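A.B. asks: Turn this into a model:
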Amino acid sequence: MQPDTRVVATGGGSVSGITDTASASLWKRLRTAWQREDPEPALPLAAQEAGDAAESVVTDVARHWAVPQGMGQRFVLRNVRVPNGERQRRREVDVVILSRRGVVCLEVKNWSGRVRCGKHKWFQHHGKHVRQARNSSSTSNGSPGVPLLQLQGGVDRPVTAGFGSDVGSLAGRPNADYISYNNPVADIHERAQTLRGFLLRSLEPKVAQIFDIDWSVQGRVVMLGSAEMEAEDDAVSDLSSVVRREGVTAFLCSLNRKRTFCRMLAESSGCRRRSVLQAEELEAACRAVSCLGTWDVVTLMGGRKLKGDLRLVGMFGQVMQAAGGKSRVQQAVFSHPRRRAGRLWQVLWHGAEHCNIHLEPRSGWQGSKVRVPRHASIVFREAGRPQDTSLDAEQVSAIAFSAK
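C.D. replies: Below is the predicted model:
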């Protein structure tokens with residue numbers, strides 16, 4: 001910090017090298033750095049952790065399966081945002097698998113307890129965990145306090161139709177321990193149709209016609225938890241679109257099932273009789289879906305993650321634009337001084353407290369380190385929120401950027 005050396009004339013004709021105002025300002029910043037406490041860490045919600053862990057498991061298993069099938073990991077994508085025809089909104093798909101048997105959209109759930117499946121609503125009953133979920137505004141992917149279950153081992157409860165009297169009256173009890181969700185099967189089928197429409201608009205007509213057939217784009221709900229599922233009479237058909245934990249491997253293998261000779265002869269007469277995608281169709285679909293963006297993910301101090309769109313405005317926006325924007329920066333990692341000595345040194349050397357940011361590149365360059373004030377504003381539109389949220393730089397641990 002350069003001292004203020006302006007000459008100031010006093011009433012008695014004496015000269016002062018540093019003004020009283022500058023000294024007071026420096027002392028105030030030093031006192032603030034010494035006395036202030038770090039912001040409260042934003043701990044992750046248990047439901048959010050369970051849902052993210054389940055998505056990671058399914059994605060890893062699918063990518064591990066894809067390699068021996070002659071396909072690369074790029075044919076398995078996570079958190080894909082698909083625009084509708086008017087591009088007014090985007091629908092997120094947890095996992096998208098592009099296989100020879102079609103494009104499969106997966107909605108991953110890590111639920112436990114008892115799940116009542118209705119035509120329009122599903123109700124999860126899990127006692128005290130549900131009360132915690134309501135109080136913490138949990139996401140729909142996981143159940144708080146429920147550990148992630150492995151794909152191998154353990155005994156699952158069967159999927160049954162019909163209810164006992166206690167479950168049947170669950171929705172009518174005003175203080176019942178349950179959470180209601182929109183029917184995830186109907187929801188993932190709607191998102192699959194949105195992805196189908198995107199492929200029909202994006203691909204050349206000769207290639208796109210195959211994706212107008214029902215089997216070419218499918219939707220499935222993967223129930224990775226140990227939930228006991230019970231279906232109403234008008235919702236039993238929805239259970240055919242639910243893949244249980246023990247059936248994930250078999251489902252993935254079915255996406256690469258070989259065709260019989262008779263089926264190959266039938267398919268040779270036209271694409272409407274076909275049941276597999278050709279290599280060029282699969283490659284074209286992969287290129288199109290890969291062009292879709294994902295969310296920007298902001299990790300707060302403490303571990304909580306927020307998904308949405310980062311606005312490149314303010315000082316942080318200028319830093320990002322100078323580095324090439326989201327297309328060149330993959331991640332921004334924030335470093336904060338956690339000791340009083342470090343904060344005091346920043347004030348003495350730089351004049352104010354700040355955060356160091358390491359911009360990690362996507363490829364082709366070594367990255368860079370920049371410095372912003374600790375109160376620098378980071379403007380973020382969280383997914384599903386109508387308004388922007390402003391975060392201080394000192395609240396952020398890292399930001400992973402979407403390339404689109």
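A.B. asks: where in the stretch 301-404 of the chain is pLDDT low?
C.D. replies: By pLDDT under 70, the low-scoring segments of the stretch 301-404 of the chain are 338-353, 364-365, 384, 403-404.
A.B. asks: any chance you could map the helices in it?
C.D. replies: With helices called from DSSP state H, counting those that start in this stretch, the stretch 301-404 of the chain shows them at 314-322, 340-350.
A.B. asks: Equivalent analysis for the chain, please.
C.D. replies: 20-35, 46-66, 128-136, 165-168, 184-202, 205-208, 248-254, 261-267, 279-290, 314-322, 340-350 (DSSP state H).
A.B. asks: so where is the stretch 1-150 of the chain shaky, pLDDT-wise?
C.D. replies: 1-45, 67-70, 85-89, 126-150.
A.B. asks: And the protein, split by domain according to the record?
C.D. replies: The chain breaks down into these domains under automatic domain parsing: 46-290, 296-400.
A.B. asks: Is it possible to get TSV of these that adds mean neighbour count?
C.D. replies: For every residue, glycine as well, the C-beta is placed using N, CA and C. Formatted as TSV, those follow (neighbours: other Cβ atoms under 10 Å):
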stretch	mean neighbour count
domain 46-290	17
domain 296-400	16
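A.B. asks: Now do the longest strand along the chain: which elements does it pack against?
C.D. replies: Determined from DSSP state E, the single longest strand within the chain is strand 90-99. Judged by 3 or more Cβ pairs under 8 Å, 6 or more residues apart in numbering; DSSP states H and E, strand 90-99 is in contact with helix 46-66, strand 76-83, strand 102-109, helix 184-202, helix 279-290.
A.B. asks: Recalculate using a threshold of 6 Å.
C.D. replies: helix 46-66, strand 76-83, strand 102-109, helix 184-202 (3 or more Cβ pairs under 6 Å, 6 or more residues apart in numbering; DSSP states H and E).
A.B. asks: Run through the residues that contact Ser202.
C.D. replies: Ser202 is in contact with Ala288, counting by Cβ atoms under 6 Å, 6 or more residues apart in numbering.
A.B. asks: repeat that with 8 Å
C.D. replies: If a contact means Cβ atoms under 8 Å, 6 or more residues apart in numbering, then Ser202 has 208, 288, 291 as its contacts.
A.B. asks: Lowest pLDDT pick from these?
C.D. replies: Within these, Cys291 has the lowest pLDDT, namely 83.
A.B. asks: Against Val93, how distant is that residue?
C.D. replies: Separation of Cys291 from Val93 (Cβ to Cβ, to the nearest Å): 15 Å.
A.B. asks: Likewise for Val372?
C.D. replies: 34 Å.
A.B. asks: now Val298
C.D. replies: 21 Å.
A.B. asks: now swap in Trp122 and tell me
C.D. replies: Trp122 is 18 Å from Val93, by Cβ to Cβ.
A.B. asks: Gln193 too?
C.D. replies: Applying Cβ to Cβ, the value for Gln193 to Val93 is 11 Å.
A.B. asks: Now for Val333: which residues touch it?
C.D. replies: 357-358, 360, 397-398.
A.B. asks: farthest-separated two in those residues?
C.D. replies: Glu360 and Ser397 (13.6 Å; Cβ to Cβ).
A.B. asks: Spit out the contact partners of the closest residue to Pro361 other than its chain neighbours.
C.D. replies: Distances taken as Cβ to Cβ, 6 or more residues apart in numbering put Gly367 closest to Pro361, at 4.8 Å, once the chain neighbours are dropped. Neighbour list for Gly367: 358-361 [criterion: Cβ under 8 Å, 6+ apart].
A.B. asks: do Gly72 as well
C.D. replies: Going by Cβ under 8 Å, 6+ apart, the list of residues near Gly72 reads Ala66.
A.B. asks: And it, how close does it get to Ser226?
C.D. replies: Distance, Gly72 to Ser226, by Cβ to Cβ: 33 Å.
A.B. asks: now swap in Val76 and tell me
C.D. replies: 25 Å.
A.B. asks: Can you name the residues bridging to Arg381?
C.D. replies: Taking DSSP bridges as the rule, Arg381 bridges to Asp309.
A.B. asks: contacting residues for it?
C.D. replies: Counting by Cβ under 8 Å, 6+ apart, Arg381 makes contact with 308-311, 387-389.
A.B. asks: if you set the cut-off to 6 Å instead, what comes out?
C.D. replies: Applying Cβ under 6 Å, 6+ apart, the residues near Arg381 are 308-309, 388.
A.B. asks: ok, Ser240 to Ser402 distance?
C.D. replies: Distance from Ser240 to Ser402, by Cβ to Cβ: 34 Å.
A.B. asks: oh, I was asking about Asp94
C.D. replies: Counting by Cβ to Cβ - Asp94 and Ser402 are separated by 16 Å.
A.B. asks: excluding its backbone neighbours, what's nearest Trp65?
C.D. replies: In this structure, Trp65 finds its nearest non-sequential neighbour in Leu252, 4.5 Å apart by Cβ to Cβ, 6+ apart.
A.B. asks: any idea how far the one you found lies from Val61?
C.D. replies: For Leu252, the distance to Val61 - Cβ to Cβ - is 7 Å.
A.B. asks: and what of Val217?
C.D. replies: Going from Val217 to Val61 by Cβ to Cβ gives 21 Å.
A.B. asks: got it, and Leu359?
C.D. replies: Applying Cβ to Cβ to Leu359 and Val61 gives a distance of 32 Å.
A.B. asks: what's the answer for Ser226, then?
C.D. replies: Between Ser226 and Val61 the computed distance is 17 Å (Cβ to Cβ).
A.B. asks: Same check on Phe198?
C.D. replies: Using Cβ to Cβ, we find Phe198 at a distance of 26 Å from Val61.
A.B. asks: and if you look at Glu49?
C.D. replies: Applying Cβ to Cβ, the value for Glu49 to Val61 is 19 Å.
A.B. asks: who's in contact with Leu200?
C.D. replies: 208, 211.
A.B. asks: partner residues bridging Lys369?
C.D. replies: With DSSP bridges as the rule, Lys369 is bridged to His358.
A.B. asks: what's the pLDDT at the residue nearest to Glu204 when sequence neighbours are not counted?
C.D. replies: Leaving out its chain neighbours, the residue that sits closest to Glu204 by Cβ to Cβ, 6+ apart is Ala284, at 7.6 Å. On the pLDDT scale, Ala284 is placed at 93.
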